[in-house]
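> Build me a model:
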Amino acid sequence: MGHHRPTTRSKNKRSRTDDNAETSFEIFRKILLNGEVTEDHVNQLYMIWKPVCQGCRVNTKDNPNCFCGLIPPPNGSRKSGLWQKTSEIVNSLGPDPSHDLRASSNTPAGLTNLGATCYANSILQCLYMNKSFREGVFSVEPEVLGGEPVLNNLLRLFAQLHSSKMAFVDSAPFIQTLELDNGVKQDSHEFLTLLFSLLERCLSQSKVPKARTIVQDLFRGGVSHVTRCSKCGNESEASSKIEDFYELELNVKGLKSLDESLDDYLSIEELQGDNQYYCDACATRVDATRSIKLRSLPAVLNFQLKRCVFLPNTTTKKKITSVFSFPGELNMARRLSDCSELDYIYDLAAVLIHKGSAVNSGHYTAHIKDENSGEWWEFDDEHVSNLGRQPFGSTVSTPAAKGGQNGPVDCPSSTKQVDLVVEGNHVDTNVLQSSDSNGVNHVQTFSSSDAYMLMYVCRSKVYGAKIAAQSGEDKMEIDGSVISQEIDSPLPYHLLKDVDMLNSIFLDSCEQYKLKKEFELSCIMKRRHEVRSILSEAPVLSLEKPYFWISTEWLRQWADSVTPLTIDNTSIQCFHGKVPVSKINYMKRLSAEAWTALTSKYDGGPTLAKDAYCIDCIFEMGRNVVRAHIYRDQRSLMKELAEAALAGEPLDGKLYYISKSWLQQWLRRKNIDLPCDADSGPTASLRCPHGELMPELAPGAKRVLVPETLWDFIHQTAMTVKPDDPVGCSAFPSDSEPCALCSVELTEAASSEDNLREFKLKQRQSHEKLAMNKNIALYPDTKYYLLPSSWLAKWRSYVNSSGKNAYSADLDTLNAVVDVLLCEKHCKLLEKPPELVWKRELIFQKSATTGGLTLIAEDDWRLLCEEWGGTESKCISARIEINNAVEDNIIGSYPDMPISEEQLSMSDEVNVSLSRRAIVKTSPQVCEECIGERESSELMKKLNYTNEDICVCLIRGKEPPKSILDASGSISDPSRRTSKRSKKATYGNSVNLNVSGSTSIYQLKMMIWESFGVVKENQVLHKGPNIIDGETACLADVNIFPGDILWVTDSKIHENRDIADELLDPNLDLQKAEEGFRGTLLASTISSQAISEACSN
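Predicted structure coming up:
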């Protein structure tokens, strides 16, 4: 037979509340009846009779013998406290410094990222991993370092990278010395260029030849820009000048490999036609060639891949993410201008990676080859990963490589290629047959879409001598401590001593953490064992045995705390100093053995033994239970009467008013044992301020009649809860009359609403056309008045509103409105009057915007003054005057002449300007001075815009079309909304450009150059009939607004050229680099020695 698991689902299920309450009521009734408490009563009321609980998921409150759930199961844990997971307890001790321990002496160390300093970390790792550079700077004299803080901190950084026991080194001292902003991302190429320049100045103070010129010896090469006459073969005078370079900047756009980029860099340009060269020997302009010649190559050859291009239409840079391939071995002998017998074979030593699609963001990492082991490492700030024998972490094997062999396999009869992809980076292996029939030349080609800089090291020119790969270690003993270091890069004593001290401090912190961890875990284990031991002895197995009461809350905290407090039983005591029956859900019954074990260690109290139950509290609770039972029975009977009253059933006897909403809330309450605060105020909402019955039409005064029996019960209950509140429990029999005063007030309020509706109707009737916003005809020699259109709009909203959505009157008085329209300085009008138009021999005012003025008739003004607090004499009056300048023979002058709706605005405006010009004369006059100042201020605000569009049209002919000229000459309003139709309007060969008010004319012309291919020197830029000259001014200076339409013509005076020539101006690159590092020591021309002296002073 199989063993069945016993059913425990309902074993420990709590008894129903109703059953417990009924049982307790019977016990309390017997106690009150007999006047004594027996031991059986105590066992029943204090739940002592309940069995010892086992296997509950949670602790049972109403069972004092249940100790389940105080601690987790044997393999369980909790989020906090004593029973946390061991890993979380260890984490609470703080970071373990041993996790930062360097894996081995052969593993390079990383550098901390201070926020956005990954560009500097990558360059510093490339320089440190170069043994020749490292040895050179290590040879600088200590006395020189004292006056060169930059060099001193660089050497200390390199020394820690060399011999530190930590997996990563803090780069903050060196970065802070350079005064770099940790939160600003910079370009790694610009950083390297400026760092070389700074290091050259610092190292020039050294007297050690190996150190003084280490930067020049390793990284400096020479180039010449050669221009040669095709007729006589002579070269220009500048062709013999050799310029230094520390890296070669190669184009990437449109090129696939390093070979193609080098071919492009060294390509020959033909100077012909308009671009001919003036030869001094020939004394005339002749055809010529121009090219770059490599005169000398450095030991470490850096290639800067130009992945950043400038976008003129957005004035931003974009990254080129095309795949670019480069070989693991590079022969530069054929690239030199002068043939040499020396071997110029370069091996790939480092690849600088820029991850991300944006130029000004992303992340820099470096893949660098260890010159000793030949292994590649990825340096990603603090994290350093081994990549094996390939720069991108893949092991290349040909199909013939079996039996665990890795690497290329000889294949003399053919060329085979394997292409592996590792996170977007490719590894290609080409096996090529060499000239020797018995030899095979293996060439590996790598490709990447993120490679930003390539570093190659010459095999025969590493620091002036051929250095073979060396292995092994040299152990140097200093002051009794053994320091392991590579034999090719020994540390100077002063640097080794500092690193040794830092290592000692770090190893000591690791040991201290280890001891602390062991101590904490030991304490935790001891505490857990103690808790389990005491809780196993806690249950009282017999009613006859002695026991003690203990607070459940303290017991729970004790079982879950690493360092528990003293015993505290005060929360389960009554004011008699004993255990009340009301606290049964908050205490446990503890065995004498468990109690003795707790008190012997944690002390405290008070001690509450078996006989500590409180007789007085039992009797008091019994009386309360009986009262609650009686109250529940009475309330159940009253509930039926209340439901009948709300249902509108006929009621007998004397009736009373109570609040209908109060009674509904009273019925909704459940499980009520005794009266509470919600039982107060049954008639509070029915009593008016005068102490009488509120009229039923008043807000919140809905009432219902209840029988006298129900009223007496409700009244008695309310007075029990709040005996000092007779107002909220006023009696209102059914024959009570409503308050006369309140009835009159309600009638007056209703009358006021009727009066308001009548007032609005009268306003609409008195000002019919004004209320409907109809345009009225205007006549000369008639007096009119001016009001703000915004005030009239609010007035219309008010008089036309009705019902619940009635617009509240929030209008200023007319006297206040007139005061606002007059300037304080001259007491003249601050707004211009509306413009007038002719339509069918009548004069109308143009539709005014909410910010303008509107002409109203004299009758409207007089009535509005009476109704809205105005003085007829305090006004802004106006008259219409007509200026007859030309005979009436123009379109629209004769009433019989047909005219279309489309011509109304156009032809009538022509009449206004040529035939009969109607103008508005105001009193007081318009203040032109104040209006001019205000408009100038508004114009400046409009010109301060960002990221808005303007339209530029390219005109091929002599004159632009009239539509473009008119659109370009019109004044646009940036605050005015543009219709969808106007947004879609195009003007032939045009383009929308995103600009700001601070965009310069030069930047705008560069955008036009990119869009239409017209060089900036040939662009003649117009706005309307006006020409926009210069390049330094910004768009705001020449009043170009968002939405403006400009037009440009091509003068064709200067020859066309590639926009890249303009963007690749070296002066621009230098300026950008200086701007990026402005305010740092890298961009400073002051020597670091002078800065050091200034700091010391």
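
> What segments of the stretch 1-150 of the chain are helices?
17-34, 39-45, 86-92, 118-128, 131-138, 142-147, 149-163 (DSSP state H, counting those that start in this stretch).

> now the last one against helix 131-138, angle please.
Orientation of helix 149-163 against helix 131-138 (axes from the mean of the first three to the mean of the last three CA atoms, to 10 degrees) gives an angle of 130 degrees.

> Helix or strand next in line after helix 149-163, which one?
strand 168-169 (DSSP states H and E).

> For that following strand, which outside residues touch it?
Strand 168-169 is touched from outside by 100, 109, 110, 111, 112, 157, 160, 161, 381, 382, 383, 384, with contacts defined as CB atoms under 8 Å, 6 or more residues apart in numbering. Where C-beta positions appear, they are placed from N, C-alpha and C, glycine not excepted.

> Check which residues of the helix or strand following that strand are buried.
Once strand 168-169 ends, the next helix or strand along the chain (criterion: DSSP H and E) is helix 172-177. For helix 172-177, the neighbour count (16 or more other CB atoms under 10 Å) marks 174, 175, 177 as buried.

> any idea which strand is longest in this protein?
strand 345-355 (DSSP state E).

> Which other helices and strands does it contact?
Applying 3 or more CB pairs under 8 Å, 6 or more residues apart in numbering; DSSP states H and E, one finds that strand 345-355 makes contact with helix 118-128, strand 329-331, strand 363-369, strand 440-448, strand 451-458.

> Let me have these in CSV, extended by mean neighbour count, distance to residue 542 and mean pLDDT.
Putting the helices and strands packed on strand 345-355 into CSV (neighbours: other CB atoms under 10 Å; distance: least, CB to CB, whole Å; pLDDT from 0 to 100) gives the following:
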stretch, mean neighbour count, distance to residue 542, mean pLDDT
helix 118-128, 24, 73, 93
strand 329-331, 16, 91, 91
strand 363-369, 24, 72, 94
strand 440-448, 19, 81, 77
strand 451-458, 24, 83, 93
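
> Identify whichever of these lies nearest to residue 679.
Ranking the helices and strands packed on strand 345-355 by their distance to residue 679 (criterion: CB to CB) puts strand 363-369 first, at 69.1 Å.

> Could you export the closest one as CSV, CA atoms only?
Extracted as CSV, the C-alpha positions of strand 363-369 are listed here (Å, rounded to 0.1, in the frame of the first residue of the first chain):
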residue,chain,number,x,y,z
HIS,A,363,31.8,54.4,-26.4
TYR,A,364,35.5,53.9,-27.0
THR,A,365,37.3,50.6,-26.5
ALA,A,366,40.8,49.4,-27.5
HIS,A,367,41.9,46.0,-28.8
ILE,A,368,45.7,45.8,-28.2
LYS,A,369,48.3,43.1,-28.8
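
> in its sheet, what does that strand sit against?
Sheet neighbours of strand 363-369, with direction, are listed as strand 345-355 (antiparallel), strand 376-380 (antiparallel) (DSSP bridges).

> could you give the angle of it to helix 118-128?
Our comparison of strand 363-369 with helix 118-128, counting by the same axes, to 10 degrees, yields an angle of 10 degrees.

> quick one: contacts of strand 363-369?
Outside of strand 363-369, the residues that reach it under the criterion CB under 8 Å, 6+ apart are 118-119, 121-123, 125-126, 129, 188, 347-356, 375-381, 387, 391-392, 452.

> Now do it: distance to the chain's middle.
Its chain's average C-alpha position is 28 Å from that of strand 363-369, according to CA atoms, centre = their mean, to the nearest Å.

> One more: stretch 118-130?
For stretch 118-130, the distance from its own C-alpha centre to the chain's C-alpha centre is 30 Å (CA atoms, centre = their mean).

> Kindly report the same for stretch 757-775.
Its chain's C-alpha centre lies 53 Å from the corresponding centre of stretch 757-775 when counted by CA atoms, centre = their mean.

> same check, this time on stretch 35-42
Using CA atoms, centre = their mean, the mean C-alpha position of stretch 35-42 is found 69 Å from that of the whole chain.

> buried residues in it?
Applying a neighbour-count criterion of 16+ other CB under 10 Å, one finds 37, 41, 42 buried in stretch 35-42.

> So for it, mean pLDDT?
Per-residue pLDDT values across stretch 35-42 average out to 81.

> what does stretch 292-299 give?
Stretch 292-299 shows a mean pLDDT of 90 in the predicted model.

> Can I get stretch 584-593 as PDB, trimmed to CA atoms?
Extracted as PDB, the C-alpha positions of stretch 584-593 are listed here (Å, rounded to 0.1, in the frame of the first residue of the first chain):
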ATOM      1  CA  ILE A 584      -5.200  37.000  23.100                       C
ATOM      2  CA  ASN A 585      -4.400  37.600  19.400                       C
ATOM      3  CA  TYR A 586      -1.200  39.400  20.300                       C
ATOM      4  CA  MET A 587       0.600  36.900  22.600                       C
ATOM      5  CA  LYS A 588       1.900  33.300  22.800                       C
ATOM      6  CA  ARG A 589       2.000  30.700  25.500                       C
ATOM      7  CA  LEU A 590       5.600  29.800  26.200                       C
ATOM      8  CA  SER A 591       7.000  26.800  28.000                       C
ATOM      9  CA  ALA A 592       9.000  27.300  31.200                       C
ATOM     10  CA  GLU A 593      12.100  25.900  29.500                       C
END
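
> Go through it and flag the buried ones.
Buried residues in stretch 584-593, counted by 16+ other CB under 10 Å: 584, 587, 588, 589, 590, 591.

> Test my guess that residue 682 contacts residue 659.
Yes: with contact taken as CB atoms under 8 Å, residue 682 and residue 659 are classed as touching, separated by 6.2 Å.

> Could you give the separation of the helix with the most length in the chain from the chain centroid?
Looking across the chain with DSSP state H, the single longest helix is helix 493-537. Taking CA atoms, centre = their mean, one finds helix 493-537 lying 39 Å from the centre of the chain it belongs to.

> quick one: that helix to helix 149-163, angle?
Comparing the axes of helix 493-537 and helix 149-163 via the same axes, to 10 degrees yields an angle of 60 degrees.

> on that earlier part again, tell me which of the buried residues of stretch 584-593 fall in strands.
Mapping those onto strands (DSSP E) picks out 587, 588, 589, 590, 591.

> need the contact list for the closest residue to residue 362 other than its chain neighbours.
Setting aside the residues directly before and after it, residue 362 is nearest to residue 356 in space (CB to CB, 6 or more residues apart in numbering), at 2.5 Å. Residue 356 is in contact with 319, 362, 363, counting by CB under 8 Å, 6+ apart.

> so what's the backbone phi/psi at residue 356?
The main-chain torsion angles of residue 356 are listed as degrees, to the nearest 10 and equal phi 120, psi 150.
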